[in-house]
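A.B. asks: Coordinates for the following, if possible.
(one chain, ligands or ions: 1)
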Amino acid sequence: MSRHQAYRNYDYENDLDEYEGAGYSEDDDELSPEDRAQMATGTTQVRAALGTDSSKVTTQQIEEALWHYYYDANKAVAYLASKYISPKPAKPSTQKDKSGGRYPKFHTDPFGTGVNMQHAEAFGSKQYNPIIASGYSEHKPRPSLKKFFHDMPWLDIPNERRTLFIEPPCPPGGLLGGSASSGKMSKLQALAAARKKKAEEQKSENRKLESQMTTSSPIPTALETPKEPTKRTSSALAERLSSRQDAKPLPIHTKTQTHLASDTTAEHLSTVTKQPYISDLSTPKDPSLDALIAAPSTLALTLFGSSTSRSAPVPRKQQCYELPYMRFLTSSNADPFSEPSPDDVVLAAQSKASNKKLAASAHKKKSVPNGKGEGLEDGIKTLRFDDTPLPKSKNLDVVGEFEKTKKKKNASFVVVGHVDAGKSTLMGRLLLDLGVVDQRTIQKYRKEAESIGKSSFALAWVLDQRSEERSRGVTIDIATNKFDTDSTSFTILDAPGHRDFIPNMIAGASQADFAILVVDATTGAFEAGLKGQTREHSLLLRSMGVSRIIVAINKLDTVSWSQERFDEISQQVSGFLSATGFQLKNVSFVPVSGLRGDNLVNTSSDPAASWYTGNTLIAELESSEPMARALTKPLRMTISEVFRSPQSPLTISGRIDAGSLQAGDALLVQPSGEKAYIKSLELDSEPVDWGVAGQNVVIHLSNIDPIHVRVGDIICDIKQPIACVDTFTIKVLAFDILMPMQVDVHRGRLHAAGQIVEISALLDKVKGTVLKKKPKIIKPAGVARIVVRMSNSSMSLAKPGATAGELGTFKGYLRDLQSLEFEAEPSKHCILDRNITFVEARFKVEDSVEIILSPR
Ligand SMILES: Nc1nc2c(ncn2[C@@H]2O[C@H](COP(=O)(O)OP(=O)(O)OP(=O)(O)O)[C@@H](O)[C@H]2O)c(=O)[nH]1
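C.D. replies: Next up, the predicted model:
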């Protein structure tokens, strides 16, 4: 039987019956062998001590006495002698225990009340003795109490040695009842006493003054003398109120009065509130008011003590008690708001300081020759209330500094491809082989992955850090990591392959110099990918201006390193990429196995892979030139993260697309148009003074409210800011039928609803000349110039993990942006609200464009 079953089957009633003694018998109280031995020895000793008198007591009586006195033969003898051998006459009845008087129950409380049974009997309190109540009473002579307790000396302490309970005195006034008058005073107490004395003096002076005023001006104010009470007010109460008024015209807190002064009752109430209702109660004018004053409760007496000596009977009216510590409130501190608070003091000092500034500025203006008195006005305008000091700039020649440094190249690459192509595993393995991640970590990941049945994902966990990504086995957001080779400092941007997370892939691609397109060589998987995200990602890369692609044909171990499979895939992908607009000289193919690490850092040792003699993946990465940096162009940086850091409540990060920046620079955040300052900045977690195009930097901003800064916004040069537009003209290559229609406009993680409002012209694909003006429709593969207008309401931020539904679908792209002209209309500035995105002609700077249109 299980433990649970045992509990279920347990017969509580039966057991409780037994416990309560329904079947109680003497046999149940058998003595232990040790008790028996002690009892036998004790009995012998008692009989010996009693001598001839031992015949007057039974063995049972001896045993009972021994039991009671814990086998102390002497005490048992004394007891037996007094009880049975020479008993005192006429003793109150005694009772026999239910168990035959053999057990200590005789003197103990069977209900656990802690009451000594014999003691209770002595007081004649039958309610404590259930034995008597249950009919077990027995008339037996009992020893006197004194005698009975003779061996308990603590009950017979002489009076002079007894502890006296001394009643605590009334609170003397020290905080928490601490001494205020006796003993040596602390400095604090002395200060408090001095203040109190001073305050009392002042108070008495005030009283004198008031009494003089009352006598000299008999015209009472409405608040000082209540009008006739309304009917609702009882006459007794009215009398009491008026008597209070008469009794003490104390200072009035006008704040409380003004609120309620609209009707008579309110006036009364306001008048009451103004009174410190404590002390005047003790001297009611009318003796009938005694009836209204309740006697203090016991609790009040305990808390506050008696206002007079308790020994003398106290007239009721004098039994009114002050609230604790109220009498220590002096006129100087009776009103806690009568003096400025510490905050008020600080504010006053600040306003004084700013007044000084103001005065100085006004003075300056006044001294200007025109003397038209505009100085003060202008001074107020220019007055800066945000007193955060502006960060100081070192005014460095950043480009010159950058060129002086012999730093490694910086390159970012995005890893894209169909879902489960093996992108994260490939990067995890690369980092392991490069020594960026150690074997122990991988072992740990392997163990953890095994525990959730995903052991094959252990390497992917190096980049997939989120628990959701790990449990689902898919990448959700861009994961970044860094590694260095001899020549270059690389930033990995591992993109999600799942179509639901396309916005995150776009965000990653927008920061990349080049891409690794991972293709799954497994039979069927490559074909599925080509219809899916292998194709889509390639198109997006092209749209983002990424021109260099390394195609990693992965999982070749699953096809026994078949060279034919490799060639077949290479051919198909080359054809597709060239059709998409990539130049094949910028595309390379590497056969790899991410899981086993073949051809990543080291050439494959598998004999089946010996046919490949080309570069490893890392060699291909090193040979890839990052995009040309637009160092001397105006500053442009898309914000990829906004967060709070220990250095600043507003920290942003992103890749500098163009230009340069340094600590202390003023920036403009678009589209909010708000100015900010660079407090400090970091590169690779190290504080630096400056940053240039191509670097991923962390910037701590100051002097701007965080509400003006969002992910996807652009940081730009304050003198050459980016223009915000809502209508723009672009040249597009149509992948689908194109006509005046609703579209989604995407830029990085931002997107906005838009509309093709006009098709200006059909263009020649090669020469770009106009073939037809204002065509109604453009067929797939046609090139056209169109005008797009964005709506002002649908711009939104694509949160990490946002699904395609939230962003609109990417069913097809309207153009290849490589050779586009971009004709933004700066006259139509985006000033409607923050929901309007803006478009920038970035491709003119770096030959890359971030705008994607998708049909709605
Ligand atoms: N046999 C074999 N399996 C591999 C190889 N590379 C990856 N895999 C397996 O492919 C599965 C998916 O790997 P991931 O690295 O998560 O794929 P991914 O492309 O990053 O997935 P998403 O980012 O979610 O699109 C895992 O079970 C890996 O173990 C390889 O070279 N050989």
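
A.B. asks: Flag every residue of the protein that's near the ligand.
C.D. replies: 417, 419-425, 456-457, 460, 473-475, 496-498, 554-555, 557-558, 593-595 (CB under 6 Å from any ligand atom). Every C-beta, even on glycine, is put in place using the N, C-alpha and C of the backbone.

A.B. asks: Only whichever of those are buried, select them in ChimeraX.
C.D. replies: The ChimeraX command for the buried members of these (criterion: 16 or more other CB atoms under 10 Å) is given here:
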select :417,419,420,421,422,423,424,425,457,460,473,474,475,496,497,498,554,555,557,558,593,594,595
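
A.B. asks: Okay, and which of the residues of the chain next to the ligand map to helices?
C.D. replies: Lys423, Ser424, Thr425 (DSSP state H).

A.B. asks: Kindly reformat the residues you listed as TSV and extend each row with pLDDT.
C.D. replies: Shown next, in TSV, are those (pLDDT from 0 to 100):
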residue	pLDDT
Lys423	91
Ser424	90
Thr425	92
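
A.B. asks: Same list, these, but as CSV with distance to Asn410 please.
C.D. replies: Listed next are those as CSV, based on distance: CB to CB, whole Å:
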residue, distance to Asn410
Lys423, 22
Ser424, 23
Thr425, 25
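
A.B. asks: Let me see the ranges of the strands in the stretch 401-550 of the chain.
C.D. replies: Along the stretch 401-550 of the chain, the stretches classed as strands by DSSP state E, counting those that start in this stretch are 409-417, 479-484, 488-494, 514-520, 548-554.

A.B. asks: Just give me the neighbour total for Gln742.
C.D. replies: When neighbours are defined as other CB atoms under 10 Å, Gln742 has 12 of them.

A.B. asks: Kindly report the same for Ala192.
C.D. replies: Residue neighbour count, defined by other CB under 10 Å, stands at 17 for Ala192.

A.B. asks: Backbone dihedrals for Asp513, please?
C.D. replies: phi -80, psi -40 (degrees, to the nearest 10).

A.B. asks: Direction included, what does the strand ranked longest in the chain pair up with?
C.D. replies: Taking DSSP state E as the criterion, the chain has its longest strand at strand 750-763. Using DSSP bridges, strand 750-763 pairs in its sheet with strand 742-747 (antiparallel), strand 770-773 (antiparallel), strand 783-790 (antiparallel), strand 796-797 (antiparallel).

A.B. asks: JSON lines for the ones you listed, including mean pLDDT?
C.D. replies: Listed next are the strands paired with strand 750-763 as JSON lines, based on pLDDT from 0 to 100:
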{"stretch": "strand 742-747", "mean pLDDT": "69"}
{"stretch": "strand 770-773", "mean pLDDT": "94"}
{"stretch": "strand 783-790", "mean pLDDT": "79"}
{"stretch": "strand 796-797", "mean pLDDT": "27"}
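
A.B. asks: possible to save these as CSV with distance to Glu568?
C.D. replies: As requested, the strands paired with strand 750-763 are exported to CSV (distance: least, CB to CB, whole Å):
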stretch, distance to Glu568
strand 742-747, 34
strand 770-773, 38
strand 783-790, 32
strand 796-797, 42
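
A.B. asks: Which of these sits closest to Ala65?
C.D. replies: Minimum separation from Ala65 across the strands paired with strand 750-763 (CB to CB) falls at strand 796-797, 93.1 Å.

A.B. asks: what stretches of the stretch 401-550 of the chain score poorly on pLDDT?
C.D. replies: 406, 543-544 (pLDDT under 70).

A.B. asks: by contact count, what packs against the longest helix anywhere in the chain?
C.D. replies: Assignment by DSSP H gives helix 187-216 as the longest helix of the chain. Helices and strands touching helix 187-216, by 3 or more CB pairs under 8 Å, 6 or more residues apart in numbering; DSSP states H and E: there are none.

A.B. asks: Can you mark which positions in it are buried?
C.D. replies: Going by 16+ other CB under 10 Å, helix 187-216 has these buried residues: Gln189, Ala192, Lys196, Ala199.

A.B. asks: burial count for Ile516?
C.D. replies: Other residues close to Ile516 by other CB under 10 Å number 29.

A.B. asks: Hmm, I typed the wrong one, I wanted Gly768.
C.D. replies: Using other CB under 10 Å, Gly768 has 12 neighbouring residues.

A.B. asks: Likewise for the one 3 residues further on?
C.D. replies: As a burial measure, Leu771 scores 14 neighbours (other CB under 10 Å).

A.B. asks: Next: Val559.
C.D. replies: So Val559, with other CB under 10 Å, has 18 neighbours.

A.B. asks: Can you tell me, leaving aside adjacent residues, what's nearest to it?
C.D. replies: Arg565 (4.8 Å; CB to CB, 6 or more residues apart in numbering).

A.B. asks: My guess is that neighbour contacts Thr558. True?
C.D. replies: No. Counting by CB atoms under 8 Å, Arg565 sits too far from Thr558 to count as a contact (9.5 Å).
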